[in-house]
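Chemist: Fold the following.
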Amino acid sequence: MWQVGTHSSGVITLLIANWQIRVSLKRKVAANTHLSDMLMDIDNFKPINDQYIRQVIESVLKFVADIAGAVLRDWDCLAQVGGDEYRLFLSPTTVEQEKVIAIHIEEKLKQVKVRIDE
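Modeler: Coordinates of the predicted model:
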């Protein structure tokens, strides 16, 4: 997974992601390949955000990003776009690959049980 100029959760910021997306779009036009742009957010994150200190919140966000990032290919891009929202940019890809990646990330995250020791 491509990353540089990381956010505190360990994924790239939207500004850098947008730069990579522009570069990939130019390559896509030249190579006539399919690109995928997906949004992902963490369900039921507000209670965690409201109840815990910033360090716990950042740990949870990084944990989610690590799981999603482990599923992505080396040339894909994962960016944190706000609080509990991430943007996944897959290039080159097919619609079938996009679905497989999205389902795989969802299945991995559903297996996780987060325990926060107070």
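
Chemist: so for the helix or strand residue 81 falls within, what's the average pLDDT?
Modeler: Using DSSP states H and E, residue 81 sits in strand 77-82. In this model, strand 77-82 has a mean pLDDT of 80.

Chemist: Report the buried residues of that strand.
Modeler: Of all the residues in strand 77-82, those buried under the rule 16 or more other CB atoms under 10 Å are 77, 78, 79, 80, 81. Using the backbone N, CA and C atoms, a C-beta is placed for each residue, glycine as well.

Chemist: which SS state does residue 60 fall under?
Modeler: Here residue 60 is recorded as helix under DSSP: H, G, I helix; E, B strand; the rest coil.

Chemist: Before we move on, what's the pLDDT of it?
Modeler: pLDDT, read off for residue 60, is 83.

Chemist: Test my guess that it contacts residue 49.
Modeler: No - taking contacts as CB atoms under 8 Å, residue 60 lies outside contact range of residue 49: 9.0 Å.

Chemist: More neighbours: which of these two?
Modeler: residue 60 (18 against 15; other CB atoms under 10 Å).

Chemist: could you pull out the helices for the protein?
Modeler: Ranges of helices in the chain, per DSSP state H, are 14-31, 46-51, 54-71, 95-110.

Chemist: buried ones in the shortest one?
Modeler: It refers to helix 46-51. Applying a neighbour-count criterion of 16+ other CB under 10 Å, one finds residue 48 buried in helix 46-51.

Chemist: Kindly provide the whole-number mean pLDDT of that helix.
Modeler: On average, the pLDDT along helix 46-51 is 85.

Chemist: residues making contact with that helix?
Modeler: By CB atoms under 8 Å, 6 or more residues apart in numbering, the residues outside helix 46-51 that reach it are 56, 57, 60, 83, 84, 116.

Chemist: So what pairs up with residue 38 in the strands?
Modeler: residue 88 (DSSP bridges).

Chemist: Can you name the residues that contact it?
Modeler: Here residue 38 is in contact with 87, 88, 89, 90, 98, 102 (CB under 8 Å, 6+ apart).
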